[in-house]
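1. Predicted model, plus sequence, below.
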Amino acid sequence: MKEILILGQQGQVAWELQVTLATLGRVTVLGSQELDLADPDRIRAKIAALQPQIIVNAAAYTAVDKAESEPELAMAINGTAPGILAELARKSQALLIHYSTEYVFDGQKTTPYLETDTPNPVSAYGASKLAGEQAITQVDCAHLILRTTWVYGNRGKNFLLTILRLAAERPELKIVADQVGAPTWSRSIAEATAQIIAQSHPDRSNLRGIYNLSAAGKTSWHGFATEIVTRYRSHYPDRHLAIENILAIPATDYPTPAQRPAYSILDNSKVLADFGVQLPDWNASLGQLFARWQ
């Protein structure tokens, strides 16, 4: 049995990974209490003790706005720690799988981002995630960096859960309509990760590269919020929501400490060509989530 270590126990992707990777090996899951990724010495000691053959780093500093006032902490967790994990993976000939984000780009394109496009982060969070990518590639261990976007699920902190909470409390919401992306279900990410690992060569030593991994299709935050409410009411007609109106507003009407990319669509043709992996349309996945969510 392969020894698989998943980092980020409290996160929505890590939660799904515990299920999808269980058939591929013996899974150990660590959260921030067991392993503080801002502490390099603890990282080295814990990895040395566990000796995993596959390290899946689903942990991250994800408070995008707060990162503007805590850039050092964001960089320690998102930028420095992945490089340390890469060093340890190289030393033990393990495979490192690391999740990144479209926030490494500035969002100024109008066509889907390729893995080869030049990064240009416009926030401290984006800069920290780019630093993590660069740290891993510089070490040159066996690695896969999976860039995804607009991640949501029925656990943790994400846009879907926030909208449902607010929709239960307020009759009207104002949601940004001029930022475009592809909402990506955390379960789809985990299932794709398992598919990629399962079909990789047993020693995995030649695996290298960055891959986009996001849902098909596109929408705005306003479109996503509207569909969340519509589908929730359809699946759970007996559950009350106070919301009556969802207003579309420009991003300039909702200023935030961190700048967001206006365009967050990723081109997923590389992961399809290399691994035969293709995530469903975002709307179809949202329907599946509600159909399975009790």
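-> Thanks, I have the structure now. Numbers count the residues shown, from 1 in each chain.
2. Count the neighbours of Ser128 for me.
-> Residues lying near Ser128 (other C-beta atoms under 10 Å) number 28. (Glycine included, C-beta is placed from N, CA and C.)
3. Can you verify it is assigned to a helix?
-> Yes - counting by DSSP: H, G, I helix; E, B strand; the rest coil, Ser128 falls inside a helix.
4. Let me see the contact set for it.
-> Going by C-beta atoms under 8 Å, 6 or more residues apart in numbering, Ser128 touches 61, 67, 71, 74-75, 77-79.
5. give me phi/psi at the closest residue to Thr256 other than its chain neighbours?
-> Closest residue to Thr256 apart from its sequence neighbours, by C-beta to C-beta, 6 or more residues apart in numbering: Asp65 at 5.4 Å. Note on Asp65: its backbone torsions stand at phi -70, psi -40 [degrees, to the nearest 10].
6. Also Leu95?
-> Main-chain dihedrals, Leu95, degrees, to the nearest 10: phi -100, psi 130.
7. how near is it to Ser264?
-> For Leu95, the distance to Ser264 equals 28 Å [C-beta to C-beta, to the nearest Å].
8. does Ala63 sit in a helix, a strand or a coil?
-> Look at Ala63: counting by three-state DSSP, its state is coil.
9. wait, Ala242 sits on Leu166?
-> No - between Ala242 and Leu166 there is no contact under C-beta atoms under 8 Å: 9.0 Å.
10. Compare the two (neighbour count), which wins?
-> Leu166 (18 against 11).
11. Low-confidence stretches in the chain?
-> 201-205, 294 (pLDDT under 70).
12. Angles on the backbone of the residue of it most remote from its centre, please.
-> Most distant residue from the mean C-alpha position of the chain: Asp238, 32.1 Å away (C-alpha atoms, centre = their mean). Main-chain dihedrals, Asp238, degrees, to the nearest 10: phi -90, psi 0.
13. Could you check how far it is from Ala167?
-> Distance of Asp238 to Ala167, given as C-beta to C-beta: 15 Å.
14. so Asn284, which of the three states?
-> Heads up, residue 284 is Ala, not Asn. Ala284 carries the three-state label helix when classified by three-state DSSP.
15. so who does it touch?
-> With C-beta under 8 Å, 6+ apart, Ala284 has no contacts at all.
16. measure the residue nearest to Thr256 to Tyr125 for me?
-> 8 Å.
17. And for Thr184?
-> Counting by C-beta to C-beta - Thr184 and Tyr125 are separated by 17 Å.
18. neighbour count winner among the two?
-> Legend: neighbour count by other C-beta under 10 Å for Thr184 and Tyr125, higher for Tyr125 (29 against 25).
19. Does that one lie in a helix or a strand, and which?
-> For Tyr125, the host element (DSSP states H and E) is helix 124-139.
20. Keeping just the C-alphas, turn that helix into PDB.
-> Coordinates of each C-alpha in helix 124-139 appear next as PDB, following Å, rounded to 0.1, in the frame of the first residue of the first chain:
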ATOM      1  CA  ALA A 124      -0.600  39.300  -1.800                       C
ATOM      2  CA  TYR A 125      -2.400  36.000  -1.900                       C
ATOM      3  CA  GLY A 126      -1.700  35.600  -5.600                       C
ATOM      4  CA  ALA A 127       1.900  36.500  -5.100                       C
ATOM      5  CA  SER A 128       2.300  33.900  -2.300                       C
ATOM      6  CA  LYS A 129       0.700  31.200  -4.500                       C
ATOM      7  CA  LEU A 130       3.000  32.000  -7.400                       C
ATOM      8  CA  ALA A 131       6.000  31.800  -5.000                       C
ATOM      9  CA  GLY A 132       4.900  28.300  -4.000                       C
ATOM     10  CA  GLU A 133       4.700  27.200  -7.600                       C
ATOM     11  CA  GLN A 134       8.100  28.600  -8.300                       C
ATOM     12  CA  ALA A 135       9.600  27.000  -5.200                       C
ATOM     13  CA  ILE A 136       8.400  23.600  -6.200                       C
ATOM     14  CA  THR A 137       9.600  23.800  -9.800                       C
ATOM     15  CA  GLN A 138      13.000  25.100  -8.700                       C
ATOM     16  CA  VAL A 139      13.600  22.000  -6.500                       C
END
